[in-house]
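Asks: I would like the atomic coordinates for the input below:
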Amino acid sequence: MTTVEYFTHSLPDLLHELRLFVEIESPTGAVAQMDRAAAFLQARLAPHGELSSRELTGFGPLVQLHRPGTGSRVLLLAHYDTIWPIGSWPELWRRDSGRIYGPGVYDMKCGLLFIIWLLRFLGDHTRPHPTLDIVLTPDEELGSLASQSHVRRAAANADFALVLEPTTLDGSLKVARKGSGDYVVEVEGRAAHQGAEPEAGANAVVEAAHQILRLHALEDTESGTTVGPNVVEGGTVPNTVPDRARVAVDVRAWTEAEQHRLDREIRGLEPVLDGTRLHITGRWNRPPMEASQASLELFARARSIAVGLGQTVEAVRWGGSSDANFAAAAGAATIDGFGPAGEGAHQRGENIVADTIPARLALLTELVISLAQPPESWLSEGASEQLRDRPYESDHCG
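Replies: Numbering: from 1, shown residues only. Model prediction:
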């Protein structure tokens with residue numbers, strides 16, 4: 001039985017399991033619900049390797065599994081938290097025209113089940129496989145603040161990292177992602193009566209407007225760098241010169257050089273109006289996932305396997321960030337997007353295309369099996385050197 005046939009035969013069971021998993025709603029930070037979701041995963045992972053978990057305070061368990069093998073060391077990475085509040089499931093779940101809709105079904109509970117069904121295939125077949133380390137995190141949707149050190153550590157000990165975030169309808173794989181960060185510019189002004197003595201005040205909202213324009217000017221559309229001063233707060237009542245304002249800023253960049261430039265420019269902002277002061281906080285919370293020679297050669301291997309399965313797979317750069325950013329920063333050759341095809345992440349209509357699942361699972365499985373040989377046996381010398389010579393992880397972006 002081929003991998004595609006195996007997963008086609010298993011599809012009804014997988015979809016039943018997916019419904020059970022989506023019913024366990026798991027918004028980030030809802031620890032009791034996260035415990036239930038982790039228990040669901042642990043029960044299914046336990047037969048396939050050395051299972052362990054670590055409680056991340058305020059978020060729930062970090063779930064890990066180690067399965068010894070030969071050749072390469074491969075990290076499979078996913079998260080089981082979602083952005084959906086408890087109570088979303090009954091309203092949003094449905095099957096319609098070959099698609100399955102539901103909270104977290106696309107981002108990324110179906111991708112989590114891909115890992116479990118990959119392990120079941122390996123358990124049912126005597127084919128060699130690489131050493132597998134699986135890390136499932138409970139806090140990705142809020143920036144992986146508690147889990148990122150564990151992801152980095154696991155990736156530093158891996159040759160390759162395959163991330164089970166979903167793909168788009170065309171089935172592309174992500175070889176690069178933007179780094180992301182959040183800054184806050186707080187403006188301190190001086191209050192005064194707008195009618196009686198406006199000249200005694202220093203308008204924090206007007207100062208914030210100057211800073212918003214300066215922030216927006218830091219964008220570089222050619223390099224893909226974006227700066228979004230997207231939340232603005234200030235003032236109290238219309239007849240008082242405001243003494244406080246606040247601007248929350250989202251920043252994204254493809255390269256570490258651009259991250260450093262933006263950090264320097266944002267922290268160097270100076271007030272325009274007399275009597276105002278700026279207080280700037282924040283940081284980059286995810287480094288960029290830059291395509292390395294090793295990751296591009298890994299993609300070429302995946303694309304060749306896809307062709308053998310009758311699939312077409314393209315490499316894309318993706319503006320959003322994920323835990324793949326941490327894995328790449330730790331030096332593992334990383335590709336993201338091995339999950340199901342679908343669309344609508346973080347939207348009420350998020351969905352997956354059910355009949356694409358066997359082919360996607362077959363691609364993942366055949367790629368994993370192909371890595372049961374040492375990396376240096378098929379990577380170029382330059383790519384092999386990249387894996388041996390891991391980059392220094394700067395505290396600036398971590």
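
Asks: quick check on the nearest residue to Met34 once chain neighbours are set aside: phi, psi?
Replies: Once flanking residues are discounted, Met34 sits nearest to Gly60: 2.9 Å by C-beta to C-beta, 6 or more residues apart in numbering. For every residue, glycine as well, the C-beta is placed using N, CA and C. For Gly60, the backbone dihedrals (degrees, to the nearest 10) come out as phi 120, psi -170.

Asks: and the gap between Gly60 and Arg44?
Replies: 17 Å (C-beta to C-beta, to the nearest Å).

Asks: those two: which is more packed in?
Replies: Gly60 (27 against 18; other C-beta atoms under 10 Å).

Asks: spit out the contact partners of the more buried one.
Replies: Contacts for Gly60 (C-beta atoms under 8 Å, 6 or more residues apart in numbering) come out as Val31, Met34, Asp35, Ala37, Ala38, Asp81, Pro138, Asp139.

Asks: ok, the second one - contacts?
Replies: In other words, Met34. Ser26, Phe59, Gly60, Pro61, Tyr80, Asp81, Pro138.

Asks: what do you get for the last one?
Replies: With contacts defined as C-beta under 8 Å, 6+ apart, Asp139 is in contact with Thr28, Gly29, Leu56, Phe59, Gly60, His79, Asp81, Leu145, Ala146, Ser147.

Asks: next, count neighbours for the spatially closest residue to Arg214 that is not a sequence neighbour.
Replies: Once flanking residues are discounted, Arg214 sits nearest to Leu269: 6.2 Å by C-beta to C-beta, 6+ apart. Using other C-beta under 10 Å, the number of residues around Leu269 comes to 16.

Asks: got it, and Pro47?
Replies: By other C-beta under 10 Å, the residues close to Pro47 number 10.

Asks: my read is it is in a helix, agree?
Replies: Yes: counting by DSSP: H, G, I helix; E, B strand; the rest coil, Pro47 is found in a helix.

Asks: I'd say it and Gly123 touch.
Replies: Yes: using C-beta atoms under 8 Å, Pro47 is in contact with Gly123, at 7.1 Å.

Asks: list the contacts of Val232.
Replies: Residues counted as contacts of Val232 (C-beta under 8 Å, 6+ apart) are Ala208, Ile212, Ala245, Arg246, Val247, Ala248.

Asks: restricted to helices, list those residues.
Replies: Counting by DSSP state H, those place Ala208, Ile212 in helices.

Asks: turn the contacts of Val232 into JSON lines, columns for distance to Arg317 and neighbour count.
Replies: JSON lines is the format used below for the contacts of Val232 (distance: C-beta to C-beta, whole Å; neighbours: other C-beta atoms under 10 Å):
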{"residue": "Ala208", "distance to Arg317": "33", "neighbour count": "27"}
{"residue": "Ile212", "distance to Arg317": "28", "neighbour count": "18"}
{"residue": "Ala245", "distance to Arg317": "35", "neighbour count": "24"}
{"residue": "Arg246", "distance to Arg317": "32", "neighbour count": "15"}
{"residue": "Val247", "distance to Arg317": "28", "neighbour count": "22"}
{"residue": "Ala248", "distance to Arg317": "26", "neighbour count": "16"}
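
Asks: including pLDDT and distance to Phe21, could the contacts of Val232 go into TSV?
Replies: What follows is the contacts of Val232, written out as TSV (pLDDT from 0 to 100; distance: C-beta to C-beta, whole Å):
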residue	pLDDT	distance to Phe21
Ala208	98	44
Ile212	98	43
Ala245	98	44
Arg246	98	39
Val247	98	39
Ala248	98	34
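
Asks: domains of this structure: list them as residue ranges, please.
Replies: Recorded structural domains for the chain (assignment: automatic domain parsing) are 3-177+289-388, 179-284.

Asks: distance between the ends of the first one?
Replies: When you say that, I think you mean domain 3-177+289-388. Terminal residues of domain 3-177+289-388 are spaced 32 Å apart (C-alpha to C-alpha, to the nearest Å).

Asks: helices of the chain, start to end?
Replies: Under the criterion DSSP H, the chain contains helices at 3-23, 31-45, 89-92, 110-124, 148-156, 204-217, 256-267, 293-308, 324-329, 357-370, 381-388.

Asks: between those, which gets the lowest average pLDDT?
Replies: Looking at the helices of the chain, the lowest mean pLDDT belongs to helix 381-388 (a mean of 90).

Asks: give the buried residues for that one.
Replies: Residues Ala383, Ser384, Gln386, Leu387 are the ones in helix 381-388 that count as buried (16 or more other C-beta atoms under 10 Å).

Asks: helices or strands up against it?
Replies: Counting contacts by 3 or more C-beta pairs under 8 Å, 6 or more residues apart in numbering; DSSP states H and E, helix 381-388 packs against helix 293-308, strand 333-336.

Asks: and with 7 Å instead?
Replies: helix 293-308 (3 or more C-beta pairs under 7 Å, 6 or more residues apart in numbering; DSSP states H and E).

Asks: for the helix it packs on, the distance to its chain's centre please.
Replies: Relative to the mean C-alpha coordinate of its chain, helix 293-308 is positioned 21 Å out (C-alpha atoms, centre = their mean, to the nearest Å).

Asks: just the buried residues of it, please?
Replies: Per 16+ other C-beta under 10 Å, helix 293-308 contains these buried residues: Gln293, Ala294, Ser295, Leu296, Glu297, Leu298, Phe299, Arg301, Ala302, Arg303, Ile305, Ala306.

Asks: what angle separates it from helix 381-388?
Replies: Between helix 293-308 and helix 381-388, the angle comes out at 110 degrees (axes from the mean of the first three to the mean of the last three C-alpha atoms, to 10 degrees).

Asks: alpha carbons only: can I get helix 293-308 in CSV?
Replies: Taking C-alpha atoms only, helix 293-308 is exported to CSV below (Å, rounded to 0.1, in the frame of the first residue of the first chain):
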residue,chain,number,x,y,z
GLN,A,293,21.3,27.0,1.4
ALA,A,294,20.5,23.9,3.5
SER,A,295,16.8,24.8,3.7
LEU,A,296,16.6,25.5,-0.1
GLU,A,297,18.2,22.1,-0.8
LEU,A,298,15.7,20.5,1.6
PHE,A,299,12.9,22.2,-0.3
ALA,A,300,14.3,20.9,-3.6
ARG,A,301,14.2,17.4,-2.1
ALA,A,302,10.6,17.9,-1.0
ARG,A,303,9.6,19.2,-4.5
SER,A,304,11.2,16.2,-6.1
ILE,A,305,9.2,13.9,-3.8
ALA,A,306,6.1,15.8,-4.6
VAL,A,307,6.7,15.4,-8.4
GLY,A,308,6.9,11.6,-7.8
